[in-house]
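>>> 3D model of this:
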Amino acid sequence: MTGTHLHLINGVLAIKYAMRYFKDNPLVGIRPGDIFFTNDATYGGMHNADMINYMPIFHGDELVAWAATATHEIDTGAREPGGHPPSAQSRYDEGMRICPIKIGENYTLRQDLVEMMENFVRDPRQQTLDNKARTAACYIMERRVREVIEKKGVELVIGVMRRTIEETAEAARKRIASLNDGTYRELTFVDFVSNDRYGLMKCAVNVHKVGDRVIVDFTGTGPRALFANFNTLPHCMVAQTACYLYQFLFWDLKQSNGAFAPFEYIFPEGCILNADPDDAIGLGVATIANFSSTVHNAFEKMLMGSPEQREYVLATWPGTSHSMPIAGVNKYGLPYAGWDQGLPNGVGMGAKHDGDGNDVGGFIWCSVGEFIDSELYEAQYPVVPIFRSRYWKDGHGFGKYRGGRAIGAAWVVHGVPMAYSVSLSGFCKFPVGRGLFGGYMPTPLVTVYLKKNNLKQIVQEAPEKIPYDAESLFANVEGERIVKHTASSMVVVEEGDIIFSLAQGGPGYGDAIERDPKAVMKDLEDECISDWTAQQVYKVVYDARTFTVDEARTAELRAAELEDRKRRGKPFKEFVAEWSQQKPKDEIIPDYGPWPGKPMAVAKFRETVAVS
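Next up, the predicted model:
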C-alpha cells in the first residue's frame, strides 16, 4: 500500500530479496507475524527517505502473498534535514541506510530495533509513529486477505492476483501494438549537479517500438556526476516510467507490474542513471522526475502519430515537485523535521491537446495529493504560512492551451529563536518540462530567504500591505534577500525570517498565437498572466480597462508574427550546421563529459523512422 506509483514497482524488490535470502535461512526465516523493513534504495525504494515495512501472508503453512507499505520520511539523519541532502557527496552522507532486516515477530515490533531506528534521525517521534503506522497497515492488509481466503478459497485469491498481472500484460502489449512503429527521441538538460553546484547535465531517451515490444534506451545520457547528490539507480528510472504508464499511456488498465511486460530498458554503464554503489542518490529522485519529461514526450510523439490514441495526447508534468524542509527544536523543546506538503502537491499539469492543464494538478509521482490545511502545518512546526494558496502569475507554460497553474508560498519563522531550512528539487535558470508542438516550458523557480525584514512592522502599522502572493511579497516587504538555487544547502533562519518558494507550473501545448483571444482575456482577468504576456507572447490587442479584444488588430498582429517567423527561419540542415559550431562556456560543462557528448542511439529496426 502506498500513495505513489514509484513504490508500486520498487516495493517488490525487497520482497524478492527476502524470498531469496531469508525464506530457507534457519537463522532468519519467514513466519506468520514477521515484520521486515528496509530503506536502502539498492533493495527497493528510491532513496533512504523511502521506508518500507512488509509482512508475509500465510494460509496455514503456505506463503501465498505479501503486504507492503511504504512512506516517505521527512528525515534520515543525513548531514542536512529533509532525507536527501543536497550537499551529500557519497552515500555515507545520507544518514540511515538499512538493508532488509526483520524488525518484528509475532506481529510485534522489537523495541531494541525501534530505538535503533529512532537514534538515526532528528525527529524520533515521527520515525516511530510512521513505523507503527506502516506495520498496522500491513497487518490490516494481511487480515483482509486472510478473510477473503477463508470466504473464497486460497486458489481463487492467488488466481485473481495472477490474472490481474496477466490481463494487464496482455492489454499493455495490445496497446503498444496499436501504436506506430518507430524510434522516438527526446532530450532534456538540467543546470545543476547538487548543492549550489552549477553545470550542464544531459538526459537522452530513445524509444524503439516495433510490434508489441518497446526498448527504452538511455544511450546518449551524460556521465555520472562525481561527489554530488545527483545520480540514481536503473530500477529507480524504471519506476519513474511507471508514473507515465499508469497515469497516461495505460490510464485505463489495472495497475500492476504486468504493465511492464512489453518493455526492455538500456542504461549505459557510467551514466547518470547507473550510479556507482558509493554515489549519493538521495536527490536522484529529483533527477528522474526531471528526466521523466523525456520519456513522456517521446511517447506522446508516438501517440500523435497513432490515430486511435491521438485524442489522449497531452504535455508532460513539469519535472520534480519542490519542497522546503525545516528542522530544529520547537518551543516545547522537542526535535522536529518536516515540510509543507502543499508545495510539492501544488504542481500544475501539462496542457492537453484540447484544453488547458489542470491547475494545482497534484503530485508528479501519483497524480493526486493532499493540500493540507495551513493550520495543520502551523500546529506541528514553528512557522506560520503567510500565503500558500495563491497562483503565481506567468508561472506556467504558454500555448494554444496553457499549462496548469501552480502555487507560490511563503512562511515566517515563529515562536523559536532559529531553525534550519533546506531547498530540495532541481530547477533554476531553465525549466525541464518541454511543451508539446510549440507549447512553452513553464517559468524557472528560485528559493528566497528574506532576513531582517519589516513584516512585523507591516502587520502592526499597515495591514493592507500584508503580502498575499509573490508579487506583493517583494513589492511590500523589505529586507536582506538571499536568492538560492532550488537544490541548495542548509540555511540558518531566525525568528521573523521569511522562507519563500514556488511550485512548478505545467508546460503548454500548441502555438501560443493560436490561443483563443477570449481565453487570453480570461487569463488576464484571473491574474493568470501579465499584460506583457498577453501582448508579446499571445499577440492580442485589447482594451486594458474592459478586456475587449480588437479582433482585426489581433489577426493582423498574429499574421505579422507568422511572417516574421518565416523570415527568421532557415532550412534544417543549415540550422544544424550552424548550431553544431556552438559550445557552452567551459566553466559550465565540467560534469557534462566530452563535448558535444555521446550520440543518441541509432534506430533499432530498419523499418522504423526516427522522430526527434
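
>>> and residue 556, how many neighbours?
Counted with other CB atoms under 10 Å, residues neighbouring residue 556 total 13. For the C-beta atoms, the positions are set from N, CA and C on the backbone; glycine is no exception.

>>> distance of it from residue 562?
Distance of residue 556 to residue 562, computed by CB to CB, to the nearest Å: 11 Å.

>>> next, give phi and psi for the spatially most central residue of the chain.
Geometric centre of the chain, nearest residue: residue 320, 3.1 Å, by CA atoms, centre = their mean. The phi and psi values for residue 320, taken as degrees, to the nearest 10, are phi -70, psi 150.

>>> biggest helix in the protein, by residue count?
For the chain, the helix with the greatest residue count under DSSP state H is helix 124-152.

>>> helices or strands up against that helix?
Applying 3 or more CB pairs under 8 Å, 6 or more residues apart in numbering; DSSP states H and E, we find helix 124-152 packed against strand 35-38, strand 50-59, strand 62-72, strand 108-109, helix 111-118, helix 154-177, strand 335-338.

>>> show me what counts as buried in that helix.
For helix 124-152, the neighbour count (16 or more other CB atoms under 10 Å) marks 124, 126-128, 130-131, 134-135, 137-139, 141-142, 145-146, 149 as buried.

>>> also stretch 418-432?
By neighbour count, with 16+ other CB under 10 Å as the criterion, the buried positions of stretch 418-432 are 419-428, 431-432.

>>> let's have the helices and strands packed on helix 124-152 in TSV, adding distance to residue 451.
Putting the helices and strands packed on helix 124-152 into TSV (distance: least, CB to CB, whole Å) gives the following:
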stretch	distance to residue 451
strand 35-38	40
strand 50-59	33
strand 62-72	30
strand 108-109	43
helix 111-118	33
helix 154-177	52
strand 335-338	21
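
>>> list just the one of those that sits closest to residue 315.
Within the helices and strands packed on helix 124-152, the stretch nearest residue 315 is helix 154-177; the backing value is 20.3 Å (CB to CB).

>>> show me what the closest one is packed against.
Under the contact criterion of 3+ CB pairs under 8 Å, 6+ apart, helix 154-177 touches strand 62-72, helix 124-152.

>>> angle of whichever strand or helix holds residue 303 against strand 62-72?
Element membership of residue 303, judged by DSSP states H and E, is helix 284-304. Computed by axes from the mean of the first three to the mean of the last three CA atoms, to 10 degrees, the angle separating helix 284-304 from strand 62-72 equals 100 degrees.

>>> may I have helix 284-304 as PDB, with CA atoms only?
Once non-C-alpha atoms are left out, helix 284-304 reads as follows in PDB (Å, rounded to 0.1, in the frame of the first residue of the first chain):
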ATOM      1  CA  GLY A 284      18.300  11.100  -7.600                       C
ATOM      2  CA  VAL A 285      14.500  11.100  -7.200                       C
ATOM      3  CA  ALA A 286      14.600  14.700  -8.400                       C
ATOM      4  CA  THR A 287      16.800  13.700 -11.300                       C
ATOM      5  CA  ILE A 288      14.500  11.000 -12.500                       C
ATOM      6  CA  ALA A 289      11.500  13.300 -12.100                       C
ATOM      7  CA  ASN A 290      13.200  16.000 -14.100                       C
ATOM      8  CA  PHE A 291      14.200  13.400 -16.700                       C
ATOM      9  CA  SER A 292      10.800  11.800 -16.900                       C
ATOM     10  CA  SER A 293       9.700  14.500 -19.300                       C
ATOM     11  CA  THR A 294      11.900  12.900 -21.900                       C
ATOM     12  CA  VAL A 295      10.100   9.600 -21.600                       C
ATOM     13  CA  HIS A 296       6.700  11.300 -21.600                       C
ATOM     14  CA  ASN A 297       7.300  13.500 -24.700                       C
ATOM     15  CA  ALA A 298       8.900  10.600 -26.700                       C
ATOM     16  CA  PHE A 299       5.800   8.500 -26.100                       C
ATOM     17  CA  GLU A 300       3.400  11.400 -26.800                       C
ATOM     18  CA  LYS A 301       5.100  11.800 -30.200                       C
ATOM     19  CA  MET A 302       4.200   8.100 -30.800                       C
ATOM     20  CA  LEU A 303       0.600   8.700 -29.700                       C
ATOM     21  CA  MET A 304       0.300  11.700 -32.000                       C
END
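
>>> does anything pack onto it? Which helices or strands?
In this structure, helix 284-304 packs against strand 182-194, strand 197-210, helix 234-244, with contacts taken as 3+ CB pairs under 8 Å, 6+ apart.

>>> give me the average confidence score over the longest one.
Along strand 197-210, the predicted local confidence has a mean pLDDT of 92.

>>> got a markdown table for the helices and strands packed on helix 284-304, with distance to residue 165 and mean neighbour count too?
Listed next are these as a markdown table, based on distance: least, CB to CB, whole Å; neighbours: other CB atoms under 10 Å:
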| stretch | distance to residue 165 | mean neighbour count |
| --- | --- | --- |
| strand 182-194 | 27 | 24 |
| strand 197-210 | 22 | 23 |
| helix 234-244 | 14 | 22 |
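
>>> tell me which of those approaches residue 96 most closely.
Minimum separation from residue 96 across the helices and strands packed on helix 284-304 (CB to CB) falls at helix 234-244, 18.2 Å.

>>> give me the distance from stretch 283-297 to the chain's centre.
Distance of stretch 283-297 from the chain centroid (CA atoms, centre = their mean, to the nearest Å) equals 7 Å.
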